[in-house]
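Okay, sequence plus prediction incoming.
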Amino acid sequence: MKRYLPIVTFVGLLLTQPAWAELPQCSAVVQAANQELAKLNKKTVQDDKKLTALLKTLNRDDVLPADYVTREQAIKLGWSGKAEDSLWSVWALNKKQLGGDPWSGKPLPGKGKWYSADIDSVRGLRSNKHLIYSPDSATRYLTTDNDVTTVTLPPCQ
C-alpha cells in the first residue's frame, strides 16, 4: 500500500487547481473597466491589449516592462521634465513612457506604496490615463481623467 501513496499524492496534486486558476482573465478585467468608464462618460483605454499585457507582467514579475522609465531616469537621459515635451525627442527614450513613480493622487485602500504608469501615451507625450499599482496588492486601479475617477481592476491572470 505504501508503494502507491506517492502516485496517489502526485495525481491528487495534478487535479488540484491553484488559487490563481480561478481568477478572471486580464483581458476580461480590462474590458469590464472600459465598460464601466463608458457608463460614467469617461475616456476609455484605447490600447486594451497593451494594458492587458501590462497587468500580466506586473502580476508575474512585480515590475513594469522595459518600455517604462521613471521621471528621474527620463530627466537624467535628457528629457526636459515638462509634460508638453515628448519623451521621444530624446533618442534614448524613443518608444518609452513614464511609469514607476510614486502615486501622489487621492489615497487608495490598502497598505503599502502605490505607483503609477502612463497608459495610452501618444508619440511620447504624457497621458492623463494611468494604471495605479502596488507590489503589495494584486488589485490595481485605473484612471483616465487625470486621477479624478478611479476604476478598480480586480486581480487577474
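Done, it's in.

dump the residue contacts of residue 51.
Taking CB atoms under 8 Å, 6 or more residues apart in numbering, we find residue 51 in contact with 30, 45, 119, 131, 142. Using the backbone N, CA and C atoms, a C-beta is placed for each residue, glycine as well.

just the helices in the chain please.
Along the chain, the segments classed as helices by DSSP state H run 5-15, 26-39, 48-61, 71-76.

between those helices, which gets nearest to residue 127?
Residue 127 lies closest to helix 48-61 among the helices of the chain, at 11.6 Å (CB to CB).

Okay, buried residues for the closest one please.
By 16 or more other CB atoms under 10 Å, the buried positions in helix 48-61 come out as 48, 50, 51, 52, 54, 55, 56, 57, 58, 59.

So residue 146 is in contact with residue 128, correct?
Yes - counting by CB atoms under 8 Å, residue 146 touches residue 128, with 4.4 Å between them.

okay, those two: which has more neighbours?
residue 128 (15 against 11; other CB atoms under 10 Å).

Tell me if I'm right that the more buried one and residue 145 touch.
Yes - the criterion here is CB under 8 Å, and residue 128 meets it with residue 145 at 6.5 Å.

Need the overlap of contacts for those two.
Common neighbours of residue 128 and residue 145 (CB under 8 Å, 6+ apart) are residue 43.

Any stretches of this protein with poor pLDDT?
1-21 (pLDDT under 70).

center of it, which residue is that?
residue 55 (4.2 Å; CA atoms, centre = their mean).

From what I see, it and residue 157 are in contact.
No - counting by CB under 8 Å, residue 55 stays clear of residue 157, with 9.2 Å between them.

ok, of the buried residues of helix 48-61, which one's closest to residue 25?
The closest of the buried residues of helix 48-61, once distances to residue 25 are taken by CB to CB, is residue 52, at 8.3 Å.
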